[in-house]
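1. Provided below are the primary sequence and the corresponding predicted coordinates.
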Amino acid sequence: MVLVFGGTTEGRKAVEVLEAAGSPYYYSTRGDEQQVGLTHGVHLKGGMDLQEMSAFCKEHGIRLIIDAAHPFAENLHKNLVSLALCLDLPLIRFDRIYPPRSNDVVWCKDYLDAMRLMEEHGVGRLLALTGVNTVGKLQPFWSCHECWFRILHRETSIGLAIQAGFPADHLVFYEEDATNTLIDQLHPDALLTKESGVSGGFSQKVVSAKAAGVKVFAVERPAYPPQGVIPQDKTVTIDNVDGPYGLRRAVEKRLPEFYPLHSGLTTGTCATAAAVAAATALLRKEKPDVVPVVLPDGETILVAVSYGDGFAYVIKPGGDDPDVTNGLEVRATVSRLEGGNPQEVVIRGGVGVGTFTLPGFDYPPGEPAINKSPRRMIRDNLAFFDTPLQVVVSVPEGVEIARRTFNPRLGIVGGISIIGVSGIVMPFSEDAFIESIRKCLKVAKASGAPRVVINSGAKSERFIRSRYPDLPQQAFVEYGNYIGETLKMADELGVEKVSLGIMLGKAVKLAAGQLDTHSRRGTMDKAFIAQMLTEAGITADISNLTLARDLWNIIPEEKILDFSKVVIGHCREHCASVVNDCELTILLIGENGEVYG
């Protein structure tokens with residue numbers, strides 16, 4: 001069993017990560033203000049001291065603790081480290097992503113240091129964004145200077161501020177993106193904030209203050225684990241993560257049975273980790289067993305690496321996804337690039353990495369089949385070395401493995417592709433995913449929304465929301481690749497109106513009768529696409545077509561609407577076989593978010 005301490009943005013993210021497992025867990029918050037949607041978790045409300053935490057863990061068989069509390073919740077952090085030490089439990093610290101510390105900010109070790117530095121800088125008017133719990137700590141400063149505190153507009157928060165003696169008429173309240181407005185209204189000399197990370201809007205606060213010529217003082221986040229909590233002769237197992245993928249991987253490692261299926265790494269992440277390791281060996285003469293890799297979402301994960309003669313490599317962990325690349329060795333050889341800019345990185349393909357031979361991909365024919373996101377990951381991660389470098393990615397078994405993929409059909413020859421948008425491979429479980437869709441449909445119907453909108457993912461949902469701006473969040477359901485199953489379930493559950501948002505890549509498969517559109521089950525039928533173009537009165541050469549989305553560039557603008565109607569018509573024919581009673585609207589989504597239908 002897992003016990004999470006949250007109440008923050010990270011706490012909410014932790015809930016999303018754990019809910020995906022379908023396993024029971026506990027989520028604890030000090031107050032009852034945070035509303036979280038728990039299906040498998042139990043929300044515990046009210047603070048616990050160390051003795052109460054220990055008793056709860058023993059009584060409920062807790063085997064893993066997740067600390068997703070605010071970075072400045074120092075007492076709670078101390079208690080959780082002590083709890084893990086006392087009960088010999090693994091602890092995961094789910095922290096925030098923090099931007100690099102800038103010289104534009106006056107950094108303060110604590111609130112006493114902040115008051116000292118503000119006095120030295122002659123601050124007379126202060127806007128404090130440090131929260132109601134810091135009113136008492138900063139009393140020596142605001143008692144003799146004009147100050148305003150921005151706090152949450154809650155009776156409890158207002159009461160705490162007044163109880164501390166702070167004047168009520170100098171309380172201002174939190175509103176989204178209101179920092180610049182408050183600065184314009186109050187004209188402070190300085191702004192005091194905490195090092196609250198990306199999710200705490202730290203960078204936006206600094207930008208607003210700089211634009212107005214206001215000095216920023218920031219209290220540094222406390223060290224983790226807190227100093228002095230762990231005796232010198234004791235150890236505690238602590239995994240530090242700063243994003244949802246890292247959290248899931250840490251839970252999978254410490255409590256493997258919690259998730260029925262485990263995640264893996266993309267070939268792009270493996271290549272990046274190998275490149276970081278090879279660069280570390282070359283430039284720093286070090287060969288660590290694990291290296292940090294920054295994923296596209298900004299979080300950092302640790303990846304195990306090994307070394308050969310002049311190269312580093314990663315054995316690709318595919319998790320429980322049925323992927324032919326699982327277990328492959330992905331290598332990187334790094335060398336200095338003479339005469340380049342400090343952060344220039346040239347990326348080349350070696351043995352076992354395919355080559356594009358047809359147009360329609362991220363890069364032109366002749367380029368190595370290393371997609372845009374992995375290239376960006378490699379460049380971003382090597383930028384920290386501040387040295388021009390060349391990276392050669394190779395996969396010794398890539399030529400053989402490529403024969404078992406769709407690469408030959410797509411015109412990628414000589415090896416596999418280095419791919420991955422998120423950097424993480426989420427396990428593919430049909431039964432679990434379909435059951436999750438059913439649950440979402442039930443919630444959507446229960447919400448009372450007049451219509452349920454089903455989409456393939458976040459991108460299509462973002463585009464389709466403009467059509468239905470008044471629908472609640474619960475009315476939007478992700479079908480992934482299971483269009484037929486989702487429509488069938490919606491019909492069985494008695495959903496009266498369904499809108500299907502679909503992008504062209506899946507639409508051409510659905511129009512050809514593929515109600516399950518996963519690439520493992522089939523590719524687009526170019527002959528059928530040519531037939532649809534003819535039906536729409538369009539003459540076009542699609543012999544070199546590799547990606548359906550390229551049709552948007554091939555079809556004349558004046559014929560796009562005609563083609564959309566033809567595609568939607570064929571999609572409707574096949575959807576009709578699984579829908580009996582619900583009213584179905586099909587919306588085709590263009591490359592730039594246009595919605596047809």
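-> Thanks, I have it.

2. Let's check: the centremost residue of the chain is which one?
-> Nearest to the mean C-alpha position of the chain, by Cα atoms, centre = their mean, lies residue 297 at 5.0 Å.

3. Go ahead and confirm residue 286 touches residue 278.
-> No. Residue 286 is not in contact with residue 278 according to Cβ atoms under 8 Å; the separation is 11.4 Å. In this view, the C-beta of every residue, glycine as well, is placed from N, C-alpha and C.

4. Count residues in the vicinity of the residue nearest to the residue nearest to the centre of the chain when sequence neighbours are not counted, would you?
-> Excluding the flanking residues, the one nearest residue 297 by Cβ to Cβ, 6 or more residues apart in numbering is residue 243, at 6.0 Å. A count of neighbours around residue 243, defined by other Cβ atoms under 10 Å, yields 23.

5. what do you get for the one 4 residues further on?
-> Here the number of neighbours of residue 247 (other Cβ under 10 Å) works out to 26.

6. hang on, it in a strand?
-> No. Per DSSP: H, G, I helix; E, B strand; the rest coil, residue 247 lies outside any strand segment and is helix.

7. Correct me if wrong: it contacts residue 64.
-> No. Counting by Cβ under 8 Å, residue 247 sits too far from residue 64 to count as a contact (11.2 Å).

8. which neighbours do these two share?
-> residue 92 (Cβ atoms under 8 Å, 6 or more residues apart in numbering).

9. can you map out the strands along the stretch 401-550 of the chain?
-> For the stretch 401-550 of the chain, applying DSSP state E, counting those that start in this stretch gives strands covering 412-413, 415-416, 424-425, 452-455, 476-478, 497-503.

10. Redo those strands as a markdown table? Include distance to residue 597.
-> A markdown table is the format used below for the strands of the stretch 401-550 of the chain (distance: least, Cβ to Cβ, whole Å):
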| stretch | distance to residue 597 |
| --- | --- |
| strand 412-413 | 33 |
| strand 415-416 | 37 |
| strand 424-425 | 33 |
| strand 452-455 | 12 |
| strand 476-478 | 17 |
| strand 497-503 | 9 |
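
11. tell me the secondary structure for residue 11?
-> With three-state DSSP as the basis, the three-state label of residue 11 is helix.

12. Ok, residue 42 next?
-> Going by three-state DSSP: residue 42 is strand.

13. Which strand residues bridge it?
-> Listed beta-bridge partners, residue 42: residue 26 (assigned using DSSP bridges).

14. give me the low-pLDDT residue ranges for this protein?
-> Where the chain drops to pLDDT under 70, the residues are 175-177, 322, 360, 406, 409-410, 428-433, 436, 517-523.

15. What residue in this structure is the furthest from its centre?
-> Ranked by distance from the centre of the chain (Cα atoms, centre = their mean), the top residue is residue 144, with 44.6 Å.

16. re earlier: present the strands of the stretch 401-550 of the chain as JSON lines; the columns should include mean neighbour count.
-> Formatted as JSON lines, these follow (neighbours: other Cβ atoms under 10 Å):
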{"stretch": "strand 412-413", "mean neighbour count": "19"}
{"stretch": "strand 415-416", "mean neighbour count": "26"}
{"stretch": "strand 424-425", "mean neighbour count": "23"}
{"stretch": "strand 452-455", "mean neighbour count": "26"}
{"stretch": "strand 476-478", "mean neighbour count": "21"}
{"stretch": "strand 497-503", "mean neighbour count": "23"}
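
17. mind checking which of the ones you listed is nearest residue 364?
-> Ranking the strands of the stretch 401-550 of the chain by proximity to residue 364 (Cβ to Cβ) places strand 412-413 first, at 13.0 Å.

18. picking that back up, please say which of residue 286 and residue 278 ends up with more neighbours.
-> More neighbours surround residue 278 than the other of residue 286 and residue 278, with 28 against 10 (other Cβ under 10 Å).

19. so the more buried one sits right up against residue 332, yeah?
-> Yes. Counting by Cβ under 8 Å, residue 332 is a contact partner of residue 278 at 4.8 Å.

20. Find the residues that touch each one of those two.
-> 311, 312, 391.

21. And the residues you listed, which is closest to residue 133?
-> When the shared contacts of residue 278 and residue 332 are ranked by distance to residue 133 (Cβ to Cβ), residue 312 comes first, at 46.5 Å.

22. Nearest residue to that closest one in space, please, no chain neighbours.
-> Per Cβ to Cβ, 6+ apart, closest to residue 312 is residue 277, 3.6 Å.

23. What is the burial count for that neighbour?
-> Neighbours of residue 277 under the rule other Cβ under 10 Å: 28.

24. Next up, the contacts around it.
-> Residue 277 sits next to 287, 288, 291, 305, 307, 312, 314, 332 when contact means Cβ under 8 Å, 6+ apart.

25. Over to residue 340?
-> 346, 388, 389.

26. could I have the helix or strand hosting residue 92 exported to PDB, CA atoms only?
-> In the assignment (DSSP states H and E), residue 92 maps to strand 91-94. C-alpha atoms of strand 91-94 as PDB (Å, rounded to 0.1, in the frame of the first residue of the first chain):
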ATOM      1  CA  LEU A  91      10.600   7.300   0.400                       C
ATOM      2  CA  ILE A  92       9.900   9.100  -2.900                       C
ATOM      3  CA  ARG A  93      10.300  12.900  -2.800                       C
ATOM      4  CA  PHE A  94       8.100  14.200  -5.600                       C
END
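
27. where's that strand relative to the chain centroid, distance-wise?
-> How far strand 91-94 lies from its chain's middle: 17 Å, per Cα atoms, centre = their mean, to the nearest Å.

28. and what of stretch 23-31?
-> 22 Å.

29. Report the separation between residue 59 and residue 43.
-> As for residue 59, its distance to residue 43 is 17 Å (criterion: Cβ to Cβ, to the nearest Å).

30. Same drill for the two, tell me which one is more crowded.
-> Using other Cβ under 10 Å, the more surrounded residue of residue 59 and residue 43 is residue 43, with 16 against 8.

31. so what's the nearest residue to that one once chain neighbours are set aside up against?
-> Among residues not flanking residue 43 along the chain, residue 27 sits closest, at 5.3 Å (Cβ to Cβ, 6+ apart). Residue 27 is in contact with 4, 6, 11, 14, 15, 36, 38, 41, 42, 43, 44, counting by Cβ under 8 Å, 6+ apart.

32. again, 6 Å this time
-> The contact partners of residue 27, by Cβ atoms under 6 Å, 6 or more residues apart in numbering, come to 4, 6, 41, 43.

33. my guess is the third one meets residue 25, correct?
-> Yes. Because the distance of 4.8 Å satisfies Cβ atoms under 6 Å, residue 41 is recorded as touching residue 25.

34. circling back to that earlier point, determine which of the strands of the stretch 401-550 of the chain approaches residue 357 most closely.
-> Here strand 412-413 is closest among these (Cβ to Cβ), at 5.7 Å.

35. hmm, back to that, quick one, which of the strands of the stretch 401-550 of the chain gets closest to residue 215.
-> Ranking the strands of the stretch 401-550 of the chain by proximity to residue 215 (Cβ to Cβ) places strand 424-425 first, at 40.4 Å.

36. what packs against the closest one?
-> In terms of contacts (3 or more Cβ pairs under 6 Å, 6 or more residues apart in numbering; DSSP states H and E), strand 424-425 is not packed against any helix or strand.

37. ok, back up a step: reformat the contacts of residue 277 into CSV and put distance to residue 595 next to each item.
-> CSV is the format used below for those (distance: Cβ to Cβ, whole Å):
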residue, distance to residue 595
287, 52
288, 49
291, 43
305, 45
307, 51
312, 46
314, 41
332, 42
